[in-house]
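Student: After the sequence you'll find the predicted model.
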Amino acid sequence: MIERYATEPLRTYLERSPSWGGGLPVTVARTIPAAGAQQVRLPIALDAMGADRGPEVLVAGALEAARSGVRLLLVGEQVSLAPHLHGRDLAGLGIELVESGSAIAMRGHASDVRRKPQASINVAMQLLKEGRAGAVVSMGHSGATMASALLTLGRLPGIERPAIMALLPSLRPSGICALLDVGANADVRPGYFPQWAKLASHYLQEVRGIRQPTVGLLSIGEEENKGSALVLEVHQLLKAARDISFYGNVEGRDLFRGVTDIVLTDGFTGNVVLKAIEGEVRVLFGWIREALSADSRAKLGALLVRPRLRALASQLDPSTFGASLLLGVQGLTYIGHGSADARATTNALRAAWQASGSGVMEQLRSLP
């Protein structure tokens with residue numbers, strides 16, 4: 001079994017533990033606690049196999065997160081992870097290795113989680129289900145991550161379908177706007193939206209400290225009578241909901257303006273909006289880079305504005321938030337881009353660590 005220890009150890013060692021979850025032995029880098037050490041909150045399970053760039057960037061991001069105090073379970077094939085950990089000073093970092101099978105391939109199908117019970121994402125989810133991890137972070141196949149979460153963890157009571165919630169930079173006092181769904185449900189029912197609004201509101205309140213988060217519904221106009229048949233019906237449901245603070249309709253231009261804390265839409269529209277924003281940010285900064293290198297005067301100006309541009313680029317960079325939350329399942333599950341770099345991995349793990357220590361899952365499970 002995987003045991004929990006404090007993060008003050010002076011040494012670690014590898015040992016083979018009894019098999020579980022289908023017979024695959026688990027290799028754990030166990031931490032020897034210092035005398036009088038206190039147990040701390042559960043570590044975050046990282047699917048260290050699932051990413052376009054391979055384990056190297058995931059391990060690099062994990063090590064940086066561990067240096068900031070995040071306790072981790074690196075789930076993956078030891079033969080793949082070991083080269084990226086060799087020669088690293090892991091003393092005191094609170095990192096454990098958990099052996100698994102390979103990842104679900106990016107070109108694979110979400111249904112592969114059924115055929116590959118020892119896949120890294122399934123092992124990570126099992127750790128969360130059994131109370132050995134406080135959250136799961138995956139930069140791998142998003143459909144497989146969602147399928148594994150549904151099959152292993154199940155849905156929260158009263159939730160018909162989970163949604164993926166992404167955080168965007170905003171002019172709100174909190175600096176963020178939560179957009180959901182951004183890809184879990186291309187086809188939706190009106191009844192999903194009040195459920196998502198309630199979940200997102202409680203998450204932002206518990207994890208981000210936002211009091212009475214406001215909820216907006218993405219539409220083609222602010223007026224109540226504008227929008228598709230779905231939007232018109234959802235608007236009335238949200239308007240009648242008593243446990244959320246519904247603002248009304250918002251437009252696409254309102255996302256960054258900070259009109260509301262939360263913006264709801266279907267997964268098809270949300271995914272298109274999110275990718276359009278990410279693509280436009282890259283193009284915009286490409287144009288700025290070209291303009292600031294056009295001639296000598298432009299290059300001189302670039303020297304003056306470089307610090308501010310770097311801060312702005314960091315604010316708009318998707319890796320700043322790291323990963324999106326699969327909201328509505330029985331455990332904290334974060335889904336990142338397959339193309340994620342080490343910075344995105346670090347920030348995703350930090351976000352999961354913050355949420356796991358907030359008690360938000362207890363709050364979500366107790367919602368009426």
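Tutor: Happy to help now that I have it.
Student: what's the following helix or strand after the helix or strand hosting residue 297?
Tutor: Taking DSSP states H and E as the definition, residue 297 sits inside helix 296-316. Past helix 296-316, further along toward the C-terminus, the next helix or strand under DSSP H and E is strand 324-327.
Student: And the next helix or strand past that next one?
Tutor: Scanning forward in sequence from strand 324-327, with DSSP H and E defining helices and strands, the next element found is strand 333-335.
Student: Just want the angle from the helix ranked longest in the chain to helix 296-316.
Tutor: Under DSSP state H, the helix in the chain containing the largest number of residues is helix 267-291. Regarding helix 267-291 and helix 296-316, their directions subtend 160 degrees when assessed with axes from the mean of the first three to the mean of the last three CA atoms, to 10 degrees.
Student: which regions of this structure sit below the pLDDT cut-off?
Tutor: Low-confidence regions of the chain, defined here as pLDDT under 70, cover residues 1-40, 315, 318.
Student: So which residues of it form helices?
Tutor: According to DSSP H, the chain carries its helices in the segments 55-67, 78-85, 112-115, 120-129, 142-152, 192-207, 229-240, 254-257, 267-291, 296-316, 342-356, 360-365.
Student: right, so of the ones you listed, which gets closest to residue 172?
Tutor: Judged by CB to CB, the one of the helices of the chain that comes nearest to residue 172 is helix 254-257, at 9.0 Å. Backbone N, C-alpha and C define where each C-beta goes, glycine included.
Student: Can I get the closest one in PDB? Just the C-alpha atoms.
Tutor: The C-alpha trace of helix 254-257 is given here as PDB (Å, rounded to 0.1, in the frame of the first residue of the first chain):
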ATOM      1  CA  ASP A 254     -17.500  40.500 -22.000                       C
ATOM      2  CA  LEU A 255     -15.300  37.600 -21.100                       C
ATOM      3  CA  PHE A 256     -12.200  39.600 -20.400                       C
ATOM      4  CA  ARG A 257     -14.100  42.700 -19.400                       C
END
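Student: That helix: which residues count as buried?
Tutor: For helix 254-257, a neighbour-count test (16 or more other CB atoms under 10 Å) marks 254-255 as buried.
Student: Can you tell me what sits against it?
Tutor: Residues outside helix 254-257 that contact it (CB atoms under 8 Å, 6 or more residues apart in numbering): 168-171, 177, 179, 216, 260, 263, 273, 277.
Student: Between the residues you listed, which sits nearest residue 60?
Tutor: Proximity of the contacts of helix 254-257 to residue 60 (CB to CB) peaks at residue 169, which lies at 24.6 Å.
Student: My guess is residue 326 contacts residue 184. True?
Tutor: Yes: contact criterion CB atoms under 8 Å: residue 326 and residue 184 qualify, at 7.0 Å.
Student: Mutual contacts of those two, please.
Tutor: Between them, residue 326 and residue 184 share these contacting residues under CB under 8 Å, 6+ apart: 146, 162-164.
Student: which of the contacts of helix 254-257 has the most neighbours?
Tutor: Across the contacts of helix 254-257, the neighbour count under other CB atoms under 10 Å reaches its highest value at residue 179, namely 28 neighbours.
Student: ok, now which ones touch it?
Tutor: If you count contacts by CB under 8 Å, 6+ apart, residue 179 has them with 165-168, 255, 262-263, 265, 270, 273-274.
Student: Repeat that for residue 246.
Tutor: Shown in contact with residue 246 (CB under 8 Å, 6+ apart): 197, 214-215, 217, 238-239.
Student: Of the shared contacts of residue 326 and residue 184, which is the most crowded?
Tutor: Greatest neighbour count in the shared contacts of residue 326 and residue 184, by other CB under 10 Å, goes to residue 163: 29 neighbours.
Student: from memory residue 106 sits against residue 143, does it?
Tutor: No: in this structure, residue 106 is not within contact of residue 143 by CB under 8 Å, at 10.0 Å.
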